[in-house]
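In: just need the structure, nothing else, for what follows:
(chains A and B)
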Amino acid sequence: MTTTSTTPAESDITALQGALAAEHAAVYGYGVVGAMLSGADQAAAHADWIAHQEARDTLEGMLGKLGATPVAASPAYQLPFTVTDAAEAKALAALLEEGVTRAYLAVVAVRDRTLRSFGALAMQPPANRAAAWRGSTVAFPGMPAS
Amino acid sequence: MLAVSAASMPALLSLNACKGPGVPAVLSGPPPVSDQTTMLLHAVTEEQNLIWLYDKVSAAHPELALRPLLTEHRQHLDLLSARVVEPPGKKVPDTVTSKPAIAATSAAAVAQLRAAEQRAVNVLLSRLGGASPSLAQLYASVAASEATHVAVLDSLGRPQ
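Out: Numbering: from 1, shown residues only, chains lettered A, B, ... in the order given. Okay, here's the model as predicted:
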């Protein structure tokens, strides 16, 4: 911790809530992704769905310890595009992972050193999953495309 | 004729005092490079080392499809170098500080690259605490990119 205060900074809470909201969206989105896939791809989507649920639980625990009420999942989410086949499902999975990566990168900007490290480590699995669904890596995961 | 008010005199006198032989030591040279810039310059050097390693492995083992990863390292280097702005006009050193022998087999060379990428990830993560928020995000993003390279190299190293 860089601060001596025991009260968490509002920016810490905001960044963690942003990551939690992204995890909620990913948990919902993978329900759509998995329904359009089969075989190994569906198994991968299922594993990723579980990973997002675990990450969601971790964030809810962290926020609870900081005295904040974790943001709730929405009953439904507007998909960025219609998903009607496997290719679109994979594109949605990549998009979900990119959103989660971006949300954890926001956590890296807080002042608390422990949270910074948490955010930087937490963005690596979604960056890897995004690369796997996309079929290619990118130079700057989580950062806006130039 | 230029009017000089009494209020501006002390400032003029101070500036003139800096030009003479009695220049205070504190103003005689450029300011020291900050810790932030020192860290950034180390990150630049690490990217240069990785690029050197990828170039050498690519030349020794052209069958390995390394160009996309090498391209991303060049992008890392460009953005990290662009962040070196202190002191003004600071020249980014173009120095490779690590030139290991390249492994003889392609499998061993992939393992060599993988180890170098993982080491780079760990070093970047160790720099987060002392960095400004925007530099910390750049280090974290580059580290995440290099973590994806580790996964790609893992798949290259697996028997097909």
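In: all helices for chain B, in order.
Out: B:9-17, B:35-60, B:67-82, B:106-126, B:133-157 (DSSP state H).
In: which residues touch A:M143?
Out: Neighbour list for A:M143: A:102, A:105, B:137-138, B:141 [criterion: CB atoms under 8 Å, 6 or more residues apart in numbering or on different chains]. Using the backbone N, CA and C atoms, a C-beta is placed for each residue, glycine as well.
In: got CSV for the residues you listed, with pLDDT too?
Out: Shown next, in CSV, are the contacts of A:M143 (pLDDT from 0 to 100):
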residue, pLDDT
A:R102, 98
A:L105, 98
B:Q137, 98
B:L138, 98
B:S141, 98
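In: these: which two are farthest apart?
Out: Farthest-apart pair in the contacts of A:M143 is A:R102 and B:L138; separation 14.0 Å (CB to CB).
In: which of the two has more neighbours?
Out: Higher neighbour count among A:R102 and B:L138: B:L138, with 23 against 19, using other CB atoms under 10 Å in any protein chain shown.
In: quick check: the more buried one touching B:V84?
Out: No: if you go by CB atoms under 8 Å, B:L138 and B:V84 don't touch, sitting 11.9 Å apart.
In: on that earlier part again, winner for burial among the helices of chain B?
Out: Most buried of those by mean neighbour count (mean count of other CB atoms under 10 Å in any protein chain shown) is helix B:133-157; its value is a mean of 22.
In: which elements pack onto that one?
Out: When contacts are defined as 3 or more CB pairs under 8 Å, 6 or more residues apart in numbering or on different chains; DSSP states H and E, helix B:133-157 packs onto helix A:86-108, helix A:113-122, helix A:124-134, helix B:35-60, helix B:67-82, helix B:106-126.
In: phi, psi of B:R83?
Out: Dihedral pair for B:R83: phi -90, psi -10, per degrees, to the nearest 10.
In: quick one: stretch B:96-110 near chain A?
Out: No: Stretch B:96-110 stays clear of chain A (CB under 8 Å from any CB of the partner chain), getting no nearer than 15.4 Å.
In: pLDDT (mean, whole number) over that stretch?
Out: Computed over stretch B:96-110, the mean pLDDT rounds to 94.
In: and stretch B:62-74, by the same measure?
Out: If you average the pLDDT values across stretch B:62-74, you get 97.
In: next one: the closest residue to A:M62 other than its chain neighbours, what pLDDT does it get?
Out: Residue nearest to A:M62 in three dimensions, not counting chain neighbours: A:L16, with 6.0 Å by CB to CB, 6 or more residues apart in numbering or on different chains. A:L16 is assigned 98 on the pLDDT scale.
In: check which helices and strands the helix or strand containing A:L16 sits against.
Out: Per DSSP states H and E, A:L16 falls inside helix A:10-35. Identification of packing neighbours for helix A:10-35 by 3+ CB pairs under 8 Å, 6+ apart yields helix A:39-65, helix A:86-108, helix A:113-122.
In: in the chain, which ranges drop under the pLDDT threshold?
Out: I went with chain A, as the question did not name one. Within chain A, the set of residues satisfying pLDDT under 70 comprises A:1-6, A:146.
In: let's do chain B instead
Out: Scanning chain B for pLDDT under 70 picks out B:1-28, B:30, B:86-90, B:159-160.
In: can you do 50?
Out: Applying pLDDT under 50 to chain B picks out residues B:1-19.
In: what parts of it come near chain A?
Out: Counting by CB under 8 Å from any CB, chain B comes close to chain A at B:68-69, B:71-72, B:75-76, B:79, B:125, B:128-129, B:133-134, B:136-145, B:147-149, B:151-152.
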